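Novice: Whatever this is, show me its structure:
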Amino acid sequence: MFSLRRVLKLRDLEIFHVWKKEHFLSYVIIEDTRNPFTNEDKQLDPLCYMEDEEIDEILNVFRISIINDEKLNEEDSKALRSYFSDFVNNTNLTNFIIKEYVQEDLYDNEDNIKSFNKILQHIGSNYKIEEFDEKNWIYLSQD
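Specialist: The predicted structure follows:
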């Protein structure tokens, strides 16, 4: 069984710590791109088998990124994918993509804006967390 701790919640971005039993398993980032699928996305399975007209109807894509310091075992991978796929409401206009990433130095940093931006850059996100006063940190995750 997994347990979660949301470490950051912004309007279009959420970052979670995922724990399995008492061990830190991975980071999970949910990003609301507010954009349709990219041409690169359309090459992914199962999108590559869909009709272009069907894909082009989707106007907003959420990216769910699972980041770990080593490749997850198949059981954990499937469980996390299944668990986090329920976080996004699928409609005829909204869908999501889940990708897994390995970042070897992932746990060398503390949870702060600099390390979060490093993770976002590693996964190829266009999102950049702007600096803000640390005393406001607590208020960001309470809206």
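Novice: drop to CA atoms for contacts and neighbour counts, all remaining ones
Specialist: OK.
Novice: Which strand or helix spans the most centrally placed residue in the chain?
Specialist: When Cα atoms, centre = their mean is applied to the chain, the residue found nearest the centroid is I29 (2.6 Å). Assessed by DSSP states H and E, I29 sits inside strand 23-32.
Novice: Direction included, what does that strand pair against?
Specialist: According to DSSP bridges, strand 23-32 forms sheet pairs with strand 13-20 (antiparallel), strand 60-68 (antiparallel).
Novice: Give me the contacts around that strand.
Specialist: The contact list for strand 23-32 (Cα atoms under 8 Å, 6 or more residues apart in numbering) reads 12-19, 60-69.
Novice: Check which residues of that strand are buried.
Specialist: The neighbour-count check on strand 23-32 (16 or more other Cα atoms under 10 Å) flags 25-32 as buried.
Novice: returning to what we had before: could the strands paired with strand 23-32 be laid out in TSV, adding mean neighbour count and mean pLDDT?
Specialist: TSV is the format used below for those (neighbours: other Cα atoms under 10 Å; pLDDT from 0 to 100):
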stretch	mean neighbour count	mean pLDDT
strand 13-20	17	94
strand 60-68	22	95
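Novice: Rebuild those as JSON lines, extending it with distance to S3.
Specialist: Formatted as JSON lines, these follow (distance: least, Cα to Cα, whole Å):
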{"stretch": "strand 13-20", "distance to S3": "5"}
{"stretch": "strand 60-68", "distance to S3": "15"}
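Novice: just checking, what packs against the longest helix belonging to the chain?
Specialist: Taking DSSP state H as the criterion, the chain has its longest helix at helix 74-85. Judged by 3 or more Cα pairs under 8 Å, 6 or more residues apart in numbering; DSSP states H and E, helix 74-85 is in contact with strand 94-102.
Novice: That's all I had, so thanks and see you.
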